[in-house]
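Colleague: Model the following, please.
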Amino acid sequence: MLVQVAGVSKSFGAQVVLRDVSFQINPKDKIGLIGPNGCGKTTLLRIIAGQVEADVGLVARSSKLRVGMLEQIPNFDQTTVFEEALRSFDHLIAAEREMRSLEGEIAERPLPNLLDRYSALQHEFHLQGGYQFRTRTEAALLGIGFEKAAFDRPCSSLSGGEKNRLALTKLLLSESTLLLLDEPTNHLDIRSIEWLEGFLRDSSQTIVIVSHDRIFLDRVADRILEIADARINDYRGNYSAYVQQRAEQAARRQKEWDIQREWIARQEEYIRRNIAGQKTKQAQSRRKLLARVQRIEKPKTQSQKARFRFVSPESAPPLSCAPRIWLSAMTLRLSRISSSPLRRGADGRFLGAMAPAKRRSCAPWPACCRRFPATWSGATAWSLVITINSSRI
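Modeller: Residues are numbered from 1 along each chain as shown. Alright, predicted model coming up:
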C-alpha cells in the first residue's frame, strides 16, 4: 500500500466536492481518475500529495512514498531546455562531479581511502543509471515533442505549452514512486501522446492520471476511479472495461428501481382503495410498512456525446463545403473547409502534429486534435464526437 484514503470529505464554502471518499493506491497501479469538470479531481490529487488538507477523514502514506505532481504553471531558472531536464538527476550530476574530483586527487596521490571512496561511489553511480541518464533525458525530450535543435534554447523563451511539456519531461524522469498527472496530454501532439502512452505503460512507477481522453486511458490505465456525486466508484480494468461495468451497474440499478416503484405503486393503490373500508387495518399496516421502506434513488441518465443538429440535412451540401469550426479561447468560430467530401453515414478522422499555430490564440482542428472520430448518421441530424487538446466533450 502506498496511499490509503479513508472517509475523506472536502468542501469549498457550500459546495461539497468530495464526500466520504475511501480507496487505496497500491504499488504499480495505473489509475485513471475521471469525472465531469469541476467534480474535484484536481482537489483529490492535491489531497493525495499532501498539498491540501481534507476537512474530514484520513490519508495514510507509506514511509517510502515520493510523490511527483505536475505543476500547473511551471517556473524555470535561467537554464536551457536540456539543462533544466537534467535537473531530475541532480544527485547523479553531484556524484559525477565528485568522481571527477576524486580522479584528480587519485592521479596525484592514490591513497587507499580515496580509492575506496571512488570505488563505492562508482558502484552506486552505476546502479542508479549514472552512465545512461543523459541518453534517457535526450530520449524523453525528443519523445515529448522537442526537436534536438531546441535543447539549447533558454527556458525563458519557451511558450506556455512548451514549458508544460518540459515540466512533464522532468516529472517522468524523476525518481518519484507515485506520479500524479493532471491532464498530461495537454499541449502534446499525437506522436508525443503515443510516446507517453508507451512510457507510462512500461514504467514501474505508480501513476494516477486525470484525463478525458478515453483512448489514452484505454492504453495506459488498469483501474478507473470515477468521481460521481462527490463520491468515488472503483472499477477494475481500462476505460472500455469501466464503460461496460458502469452500464451493467446502471442496468441493475434501473431494474431494482423499477421493481420497487411497481411494488410501491401496488401498495399505495391498495391503501387508497381500502383505507376507509373493511380492510382498514391491513391498509394502515401497509402504510406503516411503506413509511419504513428505504426508497431507492432514481438512477440518473448521463449524456455521453455532444450533439450538433443541422437544419434540413437532406438538402445540406457535402461537409467539404460546410463551415469549419475553429477553437479560440473557449469560443467557436466558423470558416470554410476544403477537403474530401464527407456525407452522412461516413466516418472521418483528423490527425495532426504539433503546429506553431497551436501556440497562438486560435488553431484549426488538425493542429489541436489528437484522434478525431467523427460520425455523421441519422436522417435528421449529424452526431459528432470532438476531441480538443486530447480532451473529449
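
Colleague: distance of Ala107 from Val208?
Modeller: Look at Ala107 and Val208: by C-beta to C-beta, to the nearest Å, they are 49 Å apart. All C-beta spots, glycine's among them, are computed from the backbone N, C-alpha and C.

Colleague: Wait, Ile34 touches Ile209, no?
Modeller: No - applying C-beta atoms under 8 Å, one finds Ile34 not in contact with Ile209, separated by 9.2 Å.

Colleague: residues bridging contact with the two, i.e. touching both?
Modeller: Leu217 (C-beta atoms under 8 Å, 6 or more residues apart in numbering).

Colleague: who's more crowded, Ala107 and Val208?
Modeller: More crowded of Ala107 and Val208, by other C-beta atoms under 10 Å: Val208, with 26 against 8.

Colleague: Identify the residue spatially nearest to the more buried one, adjacent ones excluded.
Modeller: Nearest non-adjacent residue to Val208, counting by C-beta to C-beta, 6 or more residues apart in numbering: Ile31, 4.6 Å away.

Colleague: now the strands for the stretch 151-300 of the chain?
Modeller: All strands of the stretch 151-300 of the chain, identified by DSSP state E, counting those that start in this stretch, fall at 178-182, 206-210, 223-228, 231-236.

Colleague: The second one packs against which elements?
Modeller: Looking back up the chat, that one is strand 206-210. strand 30-34, helix 41-49, strand 178-182, helix 214-220 (3 or more C-beta pairs under 8 Å, 6 or more residues apart in numbering; DSSP states H and E).

Colleague: Phi, psi for the residue located most distally from the centre of the chain please.
Modeller: Residue farthest from the centre of the chain, counting by C-alpha atoms, centre = their mean, is Gln278 at 63.3 Å. Dihedral pair for Gln278: phi -70, psi -20, per degrees, to the nearest 10.

Colleague: Make 29 the starting number, not 1.
Modeller: Right, with 29 as the first residue, what we last looked at is Gln306.

Colleague: so where's the longest helix in this structure?
Modeller: Under DSSP state H, the helix in the chain containing the largest number of residues is helix 267-302.

Colleague: Which elements pack onto that helix?
Modeller: strand 58-62, helix 242-248, strand 251-256, strand 259-264, helix 308-320.

Colleague: can I get these in JSON lines with distance to Ser129 and mean neighbour count?
Modeller: Shown next, in JSON lines, are those (distance: least, C-beta to C-beta, whole Å; neighbours: other C-beta atoms under 10 Å):
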{"stretch": "strand 58-62", "distance to Ser129": "41", "mean neighbour count": "23"}
{"stretch": "helix 242-248", "distance to Ser129": "42", "mean neighbour count": "21"}
{"stretch": "strand 251-256", "distance to Ser129": "47", "mean neighbour count": "20"}
{"stretch": "strand 259-264", "distance to Ser129": "52", "mean neighbour count": "15"}
{"stretch": "helix 308-320", "distance to Ser129": "80", "mean neighbour count": "12"}
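
Colleague: lowest-pLDDT helix or strand in this structure?
Modeller: strand 410-411 (a mean of 34; mean pLDDT, DSSP states H and E).

Colleague: and stretch 291-301, which residues are buried?
Modeller: By 16 or more other C-beta atoms under 10 Å, the buried positions in stretch 291-301 come out as Gln295, Ile299.

Colleague: Dump that stretch to PDB, keeping only the CA atoms.
Modeller: Coordinates of each C-alpha in stretch 291-301 appear next as PDB, following Å, rounded to 0.1, in the frame of the first residue of the first chain:
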ATOM      1  CA  TRP A 291     -44.300  -2.600  -5.600                       C
ATOM      2  CA  ILE A 292     -44.800   0.900  -4.000                       C
ATOM      3  CA  ALA A 293     -47.500   1.700  -6.600                       C
ATOM      4  CA  ARG A 294     -49.400  -1.600  -5.800                       C
ATOM      5  CA  GLN A 295     -49.200  -0.800  -2.000                       C
ATOM      6  CA  GLU A 296     -50.400   2.800  -2.500                       C
ATOM      7  CA  GLU A 297     -53.300   1.600  -4.700                       C
ATOM      8  CA  TYR A 298     -54.300  -1.000  -2.000                       C
ATOM      9  CA  ILE A 299     -54.100   1.700   0.700                       C
ATOM     10  CA  ARG A 300     -56.200   4.100  -1.400                       C
ATOM     11  CA  ARG A 301     -58.900   1.500  -2.000                       C
END
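
Colleague: who's in contact with that stretch?
Modeller: Gln310, Ala311, Arg314, Arg315, Leu317, Leu318, Val321, Arg323.

Colleague: quick check: mean pLDDT across it?
Modeller: Across stretch 291-301, the average pLDDT comes to 92.

Colleague: repeat for stretch 202-222
Modeller: 91.
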